[in-house]
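>>> sequence and computational prediction follow.
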Amino acid sequence: MRLTPTDRDRLLIFTAAELARARRARGLQLNVPEATALIADTVCEAARDGLRLMEAALRGASVLTAADVLPGVADIVSEVKVEAVFADGTRMVVVRNPFGADAGSGDDAPGAVIVAARQSVEPVGLLTIEVTNTSDVPVSITSHFHFFEVNPRLSFSRSSAYGMRLAIPAGAAQRFEPGMPTQASLVPIGGERVAIGFAGLVDGPLDAPGAKAAALARAAEQGYLGASA
């Protein structure tokens, strides 16, 4: 018998669900994979029984309670997603609050993430400018790119953005849609403030005497929008 990948996944869920049923029958509390499989299998079988999507999701949400699973499982498994075969085709079912709306045991649960209280502080030197993407395609800029040297078709005050980067988390990016003015928050580049590479408009210490004027001249010569403003 040849099985499709979907068929194999369905049999894997069923096998794990049967193991969960057997352990539950012996009075054992279920772990994350067991609980997830049992809920997913219940949804799939409800769909095969002819129930509609919301009815299948409700059946999946009613099969287990917080008392049926190990401590912390209800906090980890906040929802279960599974593709089920209904009479009108395959549809994604999302079971939210699978152990009941009040199943989470709070910050003292094993594995819980406890967020320390903190006060939001505005970064030093924060500057907000308006940027317009004049090209025909979206442009994404990453967190630590020297904003002065970004795509020439982004129109903004290059002088204001000299020595600055986006005020977003490291590794993140901001997307600029074509023809849509977008607010960009910038902060000064830290450390030794040396810009090497990028578009080659600086290639050295940002604060060296004459560096900004020379970079602006190069940008204007190469057609960077906003360089001559």
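Good, I have the coordinates.

>>> tell me the SS of residue 36?
helix (DSSP: H, G, I helix; E, B strand; the rest coil).

>>> per-residue pLDDT, it?
On pLDDT, residue 36 comes in at 95.

>>> what number of residues lie near it?
25 (other C-beta atoms under 10 Å). (Each C-beta comes from the backbone N, C-alpha and C, glycine too.)

>>> residue 99 versus that one, what's the distance?
11 Å (C-beta to C-beta, to the nearest Å).

>>> ranges for the helices of the protein?
Ranges of helices within the chain are 5-25, 32-48, 53-62, 73-76, 158-161, 211-221, based on DSSP state H.

>>> list the contacts of the closest residue to residue 76 other than its chain neighbours.
Closest residue to residue 76 apart from its sequence neighbours, by C-beta to C-beta, 6 or more residues apart in numbering: residue 32 at 5.8 Å. For residue 32, the contact set (C-beta atoms under 8 Å, 6 or more residues apart in numbering) comprises 73, 76-77.

>>> now residue 183
Contacts of residue 183 (C-beta under 8 Å, 6+ apart): 128-131.

>>> check what pLDDT residue 212 gets.
For residue 212, pLDDT reads 96.

>>> meant to ask about residue 122, not that
pLDDT, residue 122: 80.

>>> what's the burial count for it?
Neighbours of residue 122 using other C-beta under 10 Å come to 9.

>>> alpha carbons only: can I get stretch 164-173 in PDB?
Extracted in PDB, the C-alpha atoms of stretch 164-173 (Å, rounded to 0.1, in the frame of the first residue of the first chain):
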ATOM      1  CA  MET A 164      22.000  57.000  11.900                       C
ATOM      2  CA  ARG A 165      20.400  53.600  11.800                       C
ATOM      3  CA  LEU A 166      16.800  52.300  12.200                       C
ATOM      4  CA  ALA A 167      15.600  52.200  15.800                       C
ATOM      5  CA  ILE A 168      14.400  48.600  15.600                       C
ATOM      6  CA  PRO A 169      15.700  45.400  17.300                       C
ATOM      7  CA  ALA A 170      19.000  43.900  15.900                       C
ATOM      8  CA  GLY A 171      18.300  41.700  12.900                       C
ATOM      9  CA  ALA A 172      14.900  43.200  12.300                       C
ATOM     10  CA  ALA A 173      13.900  45.100   9.200                       C
END
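
>>> contacts for it, please.
Contacts of stretch 164-173 (C-beta under 8 Å, 6+ apart): 123, 126-127, 140-148, 174, 184-189.
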